[in-house]
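A.B. asks: Mind folding the following:
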Amino acid sequence: MEKRINLGVIMGGYSQEREISLKSGAQVMRHVDSNRFKIYAIDISAKGWYCEVDSKRIAIDRADFSANLNGEKISFDLIFNAIHGTPGEDGVLQAYFDLLGIKYTGSNSYVSALSFNKRDLLSVTSDIGIPRAKHLSLNKGQALSTEEIEKVGFPCFVKANRSGSSFGVHKVKSEKELQQAILDVFEMNDELIIEEHLEGIEITVGVIPGENGPQVLPMTLIKTEHEFFDYKAKYLGESEEITPAPIDQSIEKQLTQYALKIYKDLGFKGATRSEFIIRDGIAYLLEVNTTPGLTEQSILPQQARCAGISEARLFDRLINDAL
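C.D. replies: This next block holds a predicted model:
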């Protein structure tokens, strides 16, 4: 029998997305082929990095990302990255694994860092022809002029520049609300963007590795009674997610072209999930996620199942892409 590959599934992280990440990691562990891989759960947290081995929590040696069990050194041939937010989605751990020569699922450190920085990503994708909303960028300590605010108008969104799962996102309808939202966001992030509110429908587009290059999955239409697709709408069932999205073929074609262009031109790997707003027949990019949720309820696995791809096959594709 061929020797099993040591697969470390990293989950948790340092951000408010930690609990969702733990669920994503657990789902990966349930569906990965245990005949092919020896699977280890690795919890990355601000309190420490630990590997679960035989019901024991063993500290990870950060010098080479290994664990020591009764004098036996456990090293990892491959890392499955299930961390949403820092340090797994922003390029930090990717750079660390690159230094150690350890393979991992998903995009490299540069592309991960770029996509996690909303204003940098939108600037780059705008340069390659992907529409985006009117916007302003603001750093902590800077002030806004009335002319700049009028450029975007109300209502608008105030977003933390580096955050996920809609944490640090505020929809505001007046200058007073705007100033308070800016103060709130600067409590968690030193940079923010102020973005025009686009009245339209929200579509999520998943891309995964396919047999003949990247594959666009059936798209998802997001419907919610909330002001926007916030954390509760995403994770507490307070939204309706319709897959495949009931949209015109022309819109679907446009979204497919944009999603593939972003994936190929920017050099993404693994799975991505791009968020768009459709207004007047035009798709405007909001953001791109490089470690999308992988729980049973998460959008990307829903899209994969709609395409006839099981969780086991989905995770297998992401692993093969990394190997």
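
A.B. asks: contacts, neighbours, all on C-alpha from now
C.D. replies: Fine.

A.B. asks: what about the stretch 151-300 of the chain, any weak spots by pLDDT?
C.D. replies: By pLDDT under 70, the weakly predicted segments of the stretch 151-300 of the chain are 164-167, 225-238.

A.B. asks: residue ranges for the strands of it, please.
C.D. replies: Using DSSP state E, counting those that start in this stretch, the strands of the stretch 151-300 of the chain run over 156-160, 169-172, 191-196, 201-210, 213-216, 220-223, 240-242, 272-279, 282-289.

A.B. asks: for the stretch 1-150 of the chain, same thing?
C.D. replies: Taking DSSP E, counting those that start in this stretch as the criterion, the stretch 1-150 of the chain carries its strands at 5-12, 37-45, 48-53, 56-59, 67-69, 72-74, 78-81, 103-104, 135-139.

A.B. asks: what comes into contact with the last one?
C.D. replies: Counting contacts by C-alpha atoms under 8 Å, 6 or more residues apart in numbering, the residues outside strand 135-139 that touch it are Arg119, Leu144, Glu148, Val152, Asp190, Glu191, Leu192, Ile193, Ile194, Glu195, Glu196.

A.B. asks: picking up where we left off before, make JSON lines out of the strands of the stretch 151-300 of the chain and add mean neighbour count.
C.D. replies: Listed next are these as JSON lines, based on neighbours: other C-alpha atoms under 10 Å:
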{"stretch": "strand 156-160", "mean neighbour count": "25"}
{"stretch": "strand 169-172", "mean neighbour count": "22"}
{"stretch": "strand 191-196", "mean neighbour count": "23"}
{"stretch": "strand 201-210", "mean neighbour count": "23"}
{"stretch": "strand 213-216", "mean neighbour count": "17"}
{"stretch": "strand 220-223", "mean neighbour count": "20"}
{"stretch": "strand 240-242", "mean neighbour count": "17"}
{"stretch": "strand 272-279", "mean neighbour count": "21"}
{"stretch": "strand 282-289", "mean neighbour count": "22"}
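
A.B. asks: Of all those, which one is nearest Gly13?
C.D. replies: Closest of the strands of the stretch 151-300 of the chain to Gly13 is strand 282-289, at 15.6 Å (criterion: C-alpha to C-alpha).

A.B. asks: Tell me who's in contact with the closest residue to Leu266 other than its chain neighbours.
C.D. replies: Take Leu266 and drop its neighbours on the chain: the residue closest to it by C-alpha to C-alpha, 6 or more residues apart in numbering is Val111, 7.0 Å away. Counting by C-alpha under 8 Å, 6+ apart, Val111 touches Gly91, Leu266, Gly267, Phe268.

A.B. asks: again, only using 10 Å
C.D. replies: By C-alpha atoms under 10 Å, 6 or more residues apart in numbering, Val111 lies in contact with Glu89, Asp90, Gly91, Gln94, Asn117, Leu121, Leu266, Gly267, Phe268, Lys269, Thr290.

A.B. asks: now the fifth one: how far from Cys51?
C.D. replies: Asn117 sits at a distance of 30 Å from Cys51 (criterion: C-alpha to C-alpha, to the nearest Å).

A.B. asks: Show me which of those two is the more surrounded one.
C.D. replies: Counted by other C-alpha atoms under 10 Å, Asn117 and Cys51 do not tie: Cys51 has more neighbours, with 23 against 20.

A.B. asks: now that one, nearest residue through space, not along the chain?
C.D. replies: Ranked by C-alpha to C-alpha, 6+ apart and with sequence neighbours excluded, the top spatial neighbour of Cys51 is Ile42, at 4.4 Å.

A.B. asks: Would you check that the one you found makes contact with Arg57?
C.D. replies: Yes - taking contacts as C-alpha atoms under 10 Å, Ile42 lies within contact range of Arg57: 9.1 Å.

A.B. asks: okay, and the common contacts of the two?
C.D. replies: Common contacts of Ile42 and Arg57, defined by C-alpha under 10 Å, 6+ apart, comprise Trp49, Tyr50, Cys51.

A.B. asks: For the last one, name its beta-bridge partners.
C.D. replies: Per DSSP bridges, residues listed as beta-bridge partners of Cys51: Ile42, Ile58.

A.B. asks: and the gap between the residue lying closest to Thr204 once chain neighbours are set aside and Glu150?
C.D. replies: What sits nearest to Thr204 in space, not counting adjacent residues and going by C-alpha to C-alpha, 6+ apart, is Glu275, at 4.7 Å. Distance from Glu275 to Glu150, counting by C-alpha to C-alpha: 25 Å.
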